[in-house]
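Student: coords below, sequence missing:
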């Protein structure tokens, strides 16, 4: 089963971006640096396109090779941005979940990152996902979002 890490968000936005987006960018960058291909799962295509655009806005020296599901090179890129209902490419060991629900096929990933937002309704949805991950037998961990900046995380 996968290790599932929930990051506890203390604010709704970071640097004018939704807090989960900002942290997902950091996690995608870390996965790329660690040579771990990852899938960023969004709730819908519009959210996926917004996240894709955020990745394109990174400075050139911090570029993360990525593509939306169905685009890009035939073998894909290290980071694939997808959405509920799309058919992402195979073989990504890391999942970054920006969707409001438990991802289908969550069992095929070795590591899953998820978020507990500060706002009450999304926080309740995150608690439900936590229960579902636990029920599926995944190893669970919760960490403050600030721990993402620490070298020992990951």
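Tutor: Looks like it arrived, so ask away. Nothing here was measured: the structure is a model prediction, and the numbers come from that model.
Student: Centroid-nearest residue for the chain?
Tutor: Nearest to the mean C-alpha position of the chain, by CA atoms, centre = their mean, lies residue 96 at 1.9 Å.
Student: thought it was touching residue 24?
Tutor: Yes. The pair residue 96 / residue 24 is scored as a contact, 4.9 Å apart, by CB atoms under 8 Å. For every residue, glycine as well, the C-beta is placed using N, CA and C.
Student: thinking again about what came up before, pLDDT on the helix or strand that the residue nearest to the centre of the chain is a member of, on average?
Tutor: Using DSSP states H and E, residue 96 maps to strand 94-97. Throughout strand 94-97, pLDDT has a mean value of 97.
Student: same deal with stretch 44-60?
Tutor: 94.
Student: buried set for it?
Tutor: Buried positions in stretch 44-60, judged by neighbour count with 16 or more other CB atoms under 10 Å: 45, 47-48, 50-52, 54-55.
Student: Now do the helices in the protein.
Tutor: Using DSSP state H, the helices of the chain run over 19-33, 45-56, 120-135.
Student: quick revisit: show me the common contact partners of residue 96 and residue 24, please.
Tutor: With contacts taken as CB atoms under 8 Å, 6 or more residues apart in numbering, residue 96 and residue 24 have 40, 113 as neighbours in common.
Student: Stretch 112-129: which residues count as buried?
Tutor: 112-117, 122, 125-126, 129.
Student: The strand holding residue 96 packs against which elements?
Tutor: Judged by 3 or more CB pairs under 8 Å, 6 or more residues apart in numbering; DSSP states H and E, strand 94-97 is in contact with helix 19-33, strand 38-42, strand 111-116.
Student: Please identify the deepest-packed of these.
Tutor: Comparing the helices and strands packed on strand 94-97 on average neighbours per residue, with mean count of other CB atoms under 10 Å, the densest one is strand 38-42 at a mean of 28.
Student: Tell me what angle that one forms with helix 19-33.
Tutor: Calculated by axes from the mean of the first three to the mean of the last three CA atoms, to 10 degrees, strand 38-42 forms an angle of 160 degrees with helix 19-33.
Student: contacts for strand 38-42?
Tutor: 24, 27-28, 31-32, 48, 51, 66, 78-84, 88, 92-99, 103, 109.
Student: what are the pairing partners of it, and which direction each?
Tutor: Strand pairing for strand 38-42, using DSSP bridges, gives strand 79-83 (parallel), strand 94-97 (parallel).
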